[in-house]
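# after the sequence you'll find the predicted model.
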Amino acid sequence: MIEGAPLRDDAADAPAQIVRLLTASHRTVAVAESLTGGRVIAALVDVPGASAVVRGGVVAYATPLKQSLLGVDAALLAERGPVDAEVARQMAMGARRAATVDGSRADIGLATTGVAGPDPQGDAPVGRVFIAVVDDTGEDVRELTLSGDREAIRASATSAVLALLRERLSASS
């Protein structure tokens, strides 16, 4: 744990905790979002000092953009659709690549993909969400089953991916 920066459990403080942890470890992050539509990157850049550690984000809301902007395998998208664990993993990897600066990609990639509603997408029901965190030490992809209306699902997905990143950063500090 970083001295002077205790971790709290509340989700509202997660972005500030993440920025502190990234700053202390001299690491950077990039985000690929679908259903969250920019909420994850917005939460991070709302924190003063985020510019030192947040490289940027890609909102690939349309399925073809997941392939063209983030490098998600086109055959995978055609076979499984955009709401899939492997798609989330590849999106996070693509975010790291897309945020390359001076030949160095972002240290960590985050991704969100899923169905916020009001209608299912293909075989994926409303509330099925995949989040991913990928870095050089490994990857963590999780499937979530969220409930509520569109707003609640999007907010929960944002909180979940930030909590997952905070958890990984805390474990390595």
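That came through fine.

# hey, let's count contacts and neighbours off CA atoms from now on
OK.

# any residues touching the longest helix along the chain, and which ones?
In terms of residue count, the longest helix belonging to the chain (DSSP state H) is helix 150-172. Outside helix 150-172, the residues that touch it by Cα atoms under 8 Å, 6 or more residues apart in numbering are 1, 11, 14-15, 17-18, 21-22, 35-36, 39-40, 110-112, 116-118, 127, 129, 131-133, 146-147.

# this protein: strands as residue ranges?
Counting by DSSP state E, residue ranges of the strands within the chain are 29-33, 54-59, 108-114, 128-135, 138-145.

# tell me which residues are up against the third one.
Residues outside strand 108-114 that contact it (Cα under 8 Å, 6+ apart): 27-36, 82-84, 87-89, 91-96, 124, 127-136, 157-158, 161, 165.

# about what we covered before: just the C-alpha atoms of the longest helix of the chain, please, in PDB.
Written as PDB, here are the backbone C-alpha positions of helix 150-172 (Å, rounded to 0.1, in the frame of the first residue of the first chain):
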ATOM      1  CA  ARG A 150     -29.700   1.000 -19.000                       C
ATOM      2  CA  GLU A 151     -28.300   3.700 -16.700                       C
ATOM      3  CA  ALA A 152     -27.800   1.300 -13.800                       C
ATOM      4  CA  ILE A 153     -26.100  -1.300 -16.000                       C
ATOM      5  CA  ARG A 154     -23.700   1.200 -17.500                       C
ATOM      6  CA  ALA A 155     -22.900   2.700 -14.100                       C
ATOM      7  CA  SER A 156     -22.300  -0.800 -12.600                       C
ATOM      8  CA  ALA A 157     -20.000  -1.800 -15.500                       C
ATOM      9  CA  THR A 158     -18.000   1.300 -15.100                       C
ATOM     10  CA  SER A 159     -17.600   0.700 -11.300                       C
ATOM     11  CA  ALA A 160     -16.800  -2.900 -11.800                       C
ATOM     12  CA  VAL A 161     -13.900  -2.400 -14.300                       C
ATOM     13  CA  LEU A 162     -12.500   0.400 -12.100                       C
ATOM     14  CA  ALA A 163     -12.700  -1.900  -9.000                       C
ATOM     15  CA  LEU A 164     -11.000  -4.700 -10.900                       C
ATOM     16  CA  LEU A 165      -8.100  -2.400 -11.900                       C
ATOM     17  CA  ARG A 166      -7.800  -1.000  -8.400                       C
ATOM     18  CA  GLU A 167      -7.700  -4.600  -7.000                       C
ATOM     19  CA  ARG A 168      -4.900  -5.500  -9.400                       C
ATOM     20  CA  LEU A 169      -2.900  -2.400  -8.700                       C
ATOM     21  CA  SER A 170      -3.300  -2.800  -4.900                       C
ATOM     22  CA  ALA A 171      -2.100  -6.400  -5.100                       C
ATOM     23  CA  SER A 172       1.000  -5.400  -7.000                       C
END
